[in-house]
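Peer 1: what shape does this take:
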Amino acid sequence: MSTAVQSPGLGWRAHGVLSVLVFAYAGFFLGRQIMSVMIEPIKLEFAASDGAMGLISGLAFAAIYSVMGLPAGRLADRISRKHLLTVTAVLWATATIFCGMATSFWVLVFARMLVAVFEAPVTPASFSLIADLYPAQQRSLAISFFTGAPSVSAIVGLGVGAWVIDNWGWRSGFYLIATLVLLVSTVLGVFVREPQRGYWDAPQTKAPPMHSMREAAAHLLSNRPYMLLIFACALFSFSGFAFAMWNTSFLIRSHGLSLQHAGIFAGVVTGFTATIGGLFSGWLTDRLAAIDRQWLLGIPIIGQSIALVCMVLYLLWPTGTAFYVTNMPVPTTMLWCALMGFFTVWWVAPLFNLLTQLVNPWERATAVAMQTICTTLAGVGLGPLFIGLASDALAESTGTESLRYALLISNSSLVIALLLLVRLYQQRILTNTSR
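Peer 2: Coordinates of the predicted model:
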């Protein structure tokens, strides 16, 4: 366990550390998101199928990430999280450069696996830090800033990234992202200080004994509310990541957009609205949960119910142009996409806040790691692969619209996730566990 070097308070130090974590997370996530605008050019260069692209954009990353997730989380519970994140960033950037140098499909698969190894500690270490920077009643908004980073990076990764790839090729995208993360790693190493572990939690006389990784995992698996929570998160991620990875291709195939226009719309529209929606849900949750903590579950239930309806309308809406932005035709269905983006992230900040309160400070990173393993395997791993295989299977009967129906089928997972949250809501699992 790392030693504390400062009490975080709630001033500029806490906000400054959070800002660095947000920029770092955005950089890491760019490496995942930019793959969605690389699908078509990589597929063309290596003569790959949709199923193969689902493998390289999802399962090749997620399988290794899942294997490494629990050891990485346990490591973050034992050593300085600042140092772990700094070293991770440098190694991640190196592996990303290797992706850009890939000479064949299988070399790129191997490079993506290396990226997954070095990205595994990022989420558990970051959430553990955030829980020590902010008290529970202000944690949802802080978490929403952090988890909103992928939405902001989507604007860059799908918008600017599509332009870069269109003009200089898909390899240039990897080189650009690696450079950005190397810059963030310098800031992490030089300016960030390690906060006191468990600072905002209920006072304890001493830290509990440090269990082995297997014992820590077994203890978490026996926590039934925690397990139901991560199952729901995994199902949300299955649908969400699959949609994010294939949305650009959907706009190209079903609405006739160019790669650059599709990337810009998929990134800017969903990225912008998801950023606003995530921050709003975090702000709203902190205020409502101060009155009744059941809102930590109520906000996700409301948000995902609305998002599901909007998603179905987006995928089934007929082809048509609402208006033009300069020379770019904006499909009418993008209006539903914008509304869906606003509500689809309402589960993130409240449920992560709830997760940090269901476990003790010395197993928090491990708990986040287990949750991240499930969401990554389901979302990044199985989601894009499922869509690719379903699209291939439906191609004979639905032709160029196979991707539309594959995306629609994948969203049935949201119904199950909502039922799990309703069950947790009815059990009233929330108790006062923090200062």
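Peer 1: residues of the strand or helix carrying residue 270 that come out buried?
Peer 2: Under the criterion of DSSP states H and E, residue 270 resides in helix 259-289. Residues of helix 259-289 classed as buried: 259-282, 284-286, 288-289 (neighbour count, 16 or more other Cβ atoms under 10 Å). All C-beta spots, glycine's among them, are computed from the backbone N, C-alpha and C.
Peer 1: let me know the average pLDDT across that helix.
Peer 2: Averaged across helix 259-289, the pLDDT comes to 86.
Peer 1: which helix or strand contains the nearest residue to residue 27 once chain neighbours are set aside?
Peer 2: For residue 27, ignoring the flanking residues on the chain, the nearest one in space by Cβ to Cβ, 6 or more residues apart in numbering is residue 181 at 4.3 Å. Assessed by DSSP H and E, residue 181 sits inside helix 170-191.
Peer 1: show me what the next helix or strand after that helix is packed against.
Peer 2: The helix or strand immediately downstream of helix 170-191 is helix 213-221, counting by DSSP H and E. Counting by 3 or more Cβ pairs under 8 Å, 6 or more residues apart in numbering; DSSP states H and E, the packing neighbours recorded for helix 213-221 are helix 60-76, helix 224-255, helix 364-375.
Peer 1: residue 88: which of these is closest?
Peer 2: helix 60-76 (8.5 Å; Cβ to Cβ).
Peer 1: so what's the gap between the next helix or strand after that closest one and the chain middle?
Peer 2: As assigned by DSSP H and E, the chain's next helix or strand after helix 60-76 is helix 81-100. With Cα atoms, centre = their mean, to the nearest Å as the basis, helix 81-100 stands 18 Å off its chain's centre.
Peer 1: and helix 81-100 with helix 364-375, angle?
Peer 2: 30 degrees (axes from the mean of the first three to the mean of the last three Cα atoms, to 10 degrees).
Peer 1: in helix 81-100, what's buried?
Peer 2: 81-82, 84-86, 88-89, 92-93, 95-100.
Peer 1: wait, doesn't residue 315 sit right on residue 408?
Peer 2: Yes. Shown here, residue 315 and residue 408 form a contact pair, counting by Cβ atoms under 8 Å, at 5.0 Å.
Peer 1: of the two, who's got more company?
Peer 2: residue 315 (23 against 15; other Cβ atoms under 10 Å).
Peer 1: any idea of the mean pLDDT for the strand or helix carrying the more buried one?
Peer 2: In this structure, residue 315 sits in helix 295-316 according to DSSP H and E. Averaging pLDDT along helix 295-316 gives 94.
Peer 1: and the next element down the chain from that helix?
Peer 2: Toward the C-terminus, helix 295-316 is succeeded by strand 321-325 as the next helix or strand (DSSP H and E).
Peer 1: what helices or strands is that next one leaning on?
Peer 2: Strand 321-325 packs on strand 328-331, going by 3+ Cβ pairs under 8 Å, 6+ apart.
Peer 1: gap between the strand it packs on and the chain center?
Peer 2: 28 Å.
Peer 1: show me what counts as buried in it.
Peer 2: 329-331.
Peer 1: in its sheet, what does that strand sit against?
Peer 2: strand 321-325 (antiparallel) (DSSP bridges).
Peer 1: using PDB, write down the CA coordinates of the strand it pairs with.
Peer 2: Listed in PDB are the C-alpha atoms of strand 321-325, where the atom choice follows Å, rounded to 0.1, in the frame of the first residue of the first chain:
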ATOM      1  CA  THR A 321     -31.500  14.800 -45.100                       C
ATOM      2  CA  ALA A 322     -32.600  17.300 -42.400                       C
ATOM      3  CA  PHE A 323     -30.300  20.200 -43.500                       C
ATOM      4  CA  TYR A 324     -26.800  20.900 -44.700                       C
ATOM      5  CA  VAL A 325     -23.800  22.200 -42.800                       C
END
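Peer 1: now do it, average pLDDT.
Peer 2: Rounded mean pLDDT across strand 321-325 is 76.
Peer 1: cool, and stretch 360-378?
Peer 2: 83.
Peer 1: report the buried residues of that stretch.
Peer 2: 361-378.
Peer 1: please apply the same query to stretch 413-420.
Peer 2: 413-414, 417-418, 420.
Peer 1: tally of neighbours for residue 426?
Peer 2: If you count neighbours by other Cβ under 10 Å, residue 426 ends up with 10.
Peer 1: what's the spacing between residue 229 and residue 324?
Peer 2: 44 Å (Cβ to Cβ, to the nearest Å).
Peer 1: then residue 129?
Peer 2: Going from residue 129 to residue 324 by Cβ to Cβ gives 45 Å.
Peer 1: the more surrounded of these two?
Peer 2: Higher neighbour count among residue 129 and residue 324: residue 129, with 27 against 9, using other Cβ under 10 Å.
Peer 1: give me the pLDDT for the nearest residue to the more buried one once chain neighbours are set aside.
Peer 2: Using Cβ to Cβ, 6+ apart and skipping residues adjacent in sequence, the residue nearest residue 129 is residue 81, 5.3 Å away. Listed pLDDT for residue 81 reads 89.
Peer 1: quick one, what contacts residue 81?
Peer 2: By Cβ atoms under 8 Å, 6 or more residues apart in numbering, the contact list for residue 81 reads 2, 125-126, 128-129, 194, 365.
Peer 1: let's see 10 Å
Peer 2: For residue 81, the contacting residues are 2, 21, 75, 121, 124-129, 132, 192, 194-195, 197, 365, by Cβ atoms under 10 Å, 6 or more residues apart in numbering.
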